[in-house]
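[1] Requesting a structural model of the entry that follows:
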Amino acid sequence: MTRGVTWEECDGTRCHNCPVGQVGPVRLPGGGGRVVGCTRPGDAPVPVRGEGAAVRHGRGEMFGRPRSTTHESIESVALDLFDRDGFDRTTVDDIAAAAGISRRTLFRYFASKNDIPWGRFSEGLAELERRLEEAPRDEPVWRALHDAILDFNSVPEGGEEQHRRRMRLLLGTPALQAHSALMYAEWRGVVARFVAVRREIAPDDVRAVVVGHAALGVSLAAYETWLAHDDADLGDQLDAALGALREHLGE
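    Here you go, the predicted model:
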């Protein structure tokens with residue numbers, strides 16, 4: 001970089017004449033080793049101009065913009081940062097930078113930082129409610145809840161480790177507990193409405209409400225046991241825990 005050229009203007013190709021102690025160019029792997037930024041001692045490199053060519057180091061390290069942005073890709077990047085820097089210290093800007101997207105784009109996928117560990121919770125909740133509504137009328141309440149909750153908590157092949165990271169964060173991070181309480185309330189509400197329809201009572205009838213709390217309680221107990229044992233199977237733990245719900249319902 002020559003004198004009179006700002007960091008924002010630097011293209012990372014003039015390191016031999018840098019006036020402010022730049023360490024050297026950062027080259028993008030592949031593509032002929034194209035220079036995409038430069039570094040300074042103790043600081044992050046400044047990217048060359050043009051969206052998608054940015055390179056950052058330290059908090060939010062990334063090379064180039066991801067080819068596609070999804071809920072899952074943002075969540076994966078965020079979990080990496082939460083593991084490394086802690087949930088409280090990681091900002092939305094850190095996550096957006098690491099994911100190679102703008103802050104505005106991130107908010108199109110997640111309403112807040114607190115929502116990121118929950119993934120596509122709203123979509124899953126809607127599917128849980130749909131499944132319960134479509135359960136055969138002659139199917140016992142406990143069986144409908146058992147099968148729907150197992151399906152709601154199913155983990156795609158290869159996704160178990162990320163799910164463990166997510167649940168450890170959700171269950172063990174004090175800063176997330178208030179937000180989690182709101183999510184749990186929505187989940188319990190789905191269960192209570194289903195029970196209310198089946199028992200022909202109001203959704204806020206204590207008999208419906210208590211089933212929602214019981215279903216959530218046994219599910220969280222299964223998760224705590226699963227997280228405490230690396231060789232445990234989540235489906236097995238949920239199946240055993242939901243057996244206690246059957247006993248509670250007396251069916």
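[2] Centre of the chain to the host helix or strand of Glu247, how far?
    For Glu247, the host element (DSSP states H and E) is helix 234-249. Per CA atoms, centre = their mean, to the nearest Å, the displacement of helix 234-249 from the mean C-alpha position of its chain is 26 Å.
[3] try stretch 170-183
    Distance, centroid of stretch 170-183 to centroid of chain: 13 Å (CA atoms, centre = their mean).
[4] That stretch - what's its average pLDDT?
    Average pLDDT, stretch 170-183: 96.
[5] Can you give me the buried ones in it?
    170, 173, 176, 179, 183 (16 or more other CB atoms under 10 Å). Any C-beta I mention is one placed from the backbone N, CA and C, and that applies to glycine too.
[6] Check stretch 130-147 too.
    Using 16+ other CB under 10 Å as the test for burial, stretch 130-147 gives 131-132, 135, 141-142, 144-146.
[7] So what touches the helix holding Glu247?
    Residues from elsewhere that reach helix 234-249, judged by CB atoms under 8 Å, 6 or more residues apart in numbering: 140-142, 145-146, 149-150, 153-155, 160, 163, 211, 214-215, 218-219, 221-223, 225-226.
[8] With pLDDT and secondary structure as new columns, can the buried residues of stretch 130-147 be given to me in TSV?
    Putting the buried residues of stretch 130-147 into TSV (pLDDT from 0 to 100; DSSP: H, G, I helix; E, B strand; the rest coil) gives the following:
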residue	pLDDT	secondary structure
Arg131	96	helix
Leu132	97	helix
Ala135	96	coil
Val141	94	helix
Trp142	93	helix
Ala144	96	helix
Leu145	96	helix
His146	95	helix
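[9] Of all pairs in the residues you listed, which one is the farthest apart?
    Across the buried residues of stretch 130-147, the longest distance by CB to CB is 14.7 Å; it joins Arg131 and Trp142.
[10] follow-up on the earlier one: mind listing what's buried along the helix holding Glu247?
    Applying 16+ other CB under 10 Å to helix 234-249 flags 234, 237-238, 241-242, 245-246, 249 as buried.
[11] Turn these into CSV, including pLDDT and distance to Glu123.
    Output for these, formatted as CSV (pLDDT from 0 to 100; distance: CB to CB, whole Å):
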residue, pLDDT, distance to Glu123
Leu234, 95, 19
Gln237, 96, 24
Leu238, 96, 20
Ala241, 94, 24
Leu242, 92, 22
Leu245, 80, 24
Arg246, 81, 28
Leu249, 72, 28
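[12] quick one: contacts for the residue nearest the centre of the chain?
    Central residue of the chain (CA atoms, centre = their mean): Pro117, 2.9 Å from the mean position. Pro117 makes contact with 75, 78-79, 82, 166, 169-170, 176, according to CB under 8 Å, 6+ apart.
[13] Which ones among those lie within helices?
    The helices, defined by DSSP state H, take in 75, 78-79, 82, 166, 169-170 from the contacts of Pro117.
[14] tell me which of the residues you listed is nearest to Arg188?
    The shortest approach to Arg188 among these belongs to Leu170, at 15.8 Å (CB to CB).
[15] Can you tell me, leaving aside adjacent residues, what's nearest to that closest one?
    Counting by CB to CB, 6 or more residues apart in numbering, Leu170 lies nearest to Pro117, which is 5.4 Å off, once chain neighbours are set aside.
[16] can you check Thr105 too?
    Counting by CB to CB, 6+ apart, the residue nearest Thr105 is Thr69, at 6.7 Å.
[17] Wait, a strand at the one you found?
    No: Thr69 is assigned coil when assessed by DSSP: H, G, I helix; E, B strand; the rest coil, not a strand.
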